[in-house]
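>>> here is the input, now give the coordinates:
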Amino acid sequence: MTIGRFALRRRDYDFPPFRPPSEAESLLLRVTRGCPWNRCTFCSMYKTIKFEIREPEEVLSDIQLAKDLYGDRVRTVFIGDSNSLVVKADTLVQILNALYASFPHVERVTSYARAKTLAKKPIEDLERVFRAGLTRLHVGLETGDPDLLKEIEKGATPEEMVEAGRRAKQVGFEYSLYVLLGIGGEENWERHARGTAEVLNQIDPHFIRVRTYVPQPGSPLYDATEEGRFHPASPETILKETKLLLEELDVTSQFLSDHISNLLPLDGKLPEEKGRMVQMIEDALKGLEEDDSLREEMEIRRHLTNL
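Purely as a prediction, here's the structure:
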């Protein structure tokens, strides 16, 4: 269910509409366009889009049109594009009120958010937005290692990542953090895993969602890979990194591998299912030594160009 193109008659709609895999069945309501940061070296999303906050009247018109189109079928909503919390709290509350009035059976409203924004936005504003019905936030941690965060130009420190998570959980948001397996390359996998676990342990998010880094055309890190300045991690290294990450985690999170880029379908509640997931990785590492077809399958995933 997509909405947001209808009020953008002055320009073509931007495809694809980015959203988490877990929001595949959600109504997509576009409140902003593009990304206000848009500097992460690994990311090719929004690179050709100038960031803007859509006029509230346009968004409210889209909600009405969505109601006419979809009626009572809407149960979950994803607010796009990349960081809706940059919008003033008054405006977000107005939009959320209209959304729930139009779709009283909505069970979840979700948005991407940026850690830096969460760390700096007044807690009173976050509380108002949560009370109005924004229930879950998806935030890219990528890595907890301070040097790697600088290298990929994430625009936030480990300390800011922790502060953002603590504030979001304090307010009541469900908090979903993304980890980018392999972002340290072949050389820095161990400090990536340990630094990431250290940050996650301090936050204890509701969800830890892993993605495996695949160089994407249109991103600076893709160019670095093509030029030999970045060496992507091998399947063995990715698996060893994931195993170390899991072993270092001391959280009560749901660990999810819900993306086509990942090498294994790891999914389990921590800490209860840590042992099972670690064993899956150990079995896969052994399989790589014995089964060339398994290696070929994993290598294919390293060349996906449309994630």
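>>> could I get the full set of helices for the stretch 101-250 of the chain?
Assigned helices in the stretch 101-250 of the chain, in chain order: 115-120, 123-132, 146-151, 158-171, 189-203, 220-226, 235-248 (criterion: DSSP state H, counting those that start in this stretch).
>>> mean neighbour count for these - can I get that in TSV?
Where you see a C-beta, it was placed from the backbone N, CA and C, and this is true even at glycine. Listed next are those as TSV, based on neighbours: other CB atoms under 10 Å:
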stretch	mean neighbour count
helix 115-120	20
helix 123-132	16
helix 146-151	17
helix 158-171	20
helix 189-203	21
helix 220-226	17
helix 235-248	21
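>>> going by mean pLDDT, which of the ones you listed comes out lowest?
For the helices of the stretch 101-250 of the chain, mean pLDDT drops lowest on helix 220-226, to a mean of 93.
>>> ok, and what's touching that helix?
The contact list for helix 220-226, computed with CB atoms under 8 Å, 6 or more residues apart in numbering, reads Thr41, Phe42, Ser44, Ile152, Pro215, Gln216, Phe230, His231, Pro232.
>>> quick one: which two of the residues you listed are the most distant?
Checked with CB to CB, the contacts of helix 220-226 reach their widest spread between Ser44 and His231, with 19.4 Å between them.
>>> could you check which of the two is surrounded by more residues?
Ser44 (18 against 13; other CB atoms under 10 Å).
>>> for the more buried one, give its distance to Arg73.
Distance of Ser44 to Arg73, computed by CB to CB, to the nearest Å: 32 Å.
>>> need the contact list for the closest residue to Gly144 other than its chain neighbours.
Among residues not flanking Gly144 along the chain, Val199 sits closest, at 3.2 Å (CB to CB, 6 or more residues apart in numbering). Residues in contact with Val199 (CB under 8 Å, 6+ apart) are Leu141, Gly144, Pro158, Met161, Val162.
>>> out of the residues you listed, which is nearest to Arg194?
Using CB to CB, the contacts of Val199 come closest to Arg194 at Gly144, 8.2 Å.
>>> confirm for me that that closest one is in contact with Ile203.
No. Assessed by CB atoms under 8 Å, Gly144 is found out of contact with Ile203, at 9.5 Å.
>>> export stretch 199-210 as CSV, just CAs?
C-alpha atoms of stretch 199-210 as CSV (Å, rounded to 0.1, in the frame of the first residue of the first chain):
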residue,chain,number,x,y,z
VAL,A,199,27.0,-0.5,22.0
LEU,A,200,24.1,-3.0,21.7
ASN,A,201,24.7,-4.2,25.2
GLN,A,202,24.3,-0.7,26.6
ILE,A,203,21.0,-0.1,24.7
ASP,A,204,19.4,-3.6,24.8
PRO,A,205,17.1,-2.8,21.8
HIS,A,206,13.9,-4.7,21.2
PHE,A,207,15.2,-5.8,17.8
ILE,A,208,18.6,-6.3,16.3
ARG,A,209,18.4,-6.7,12.6
VAL,A,210,21.5,-7.7,10.6
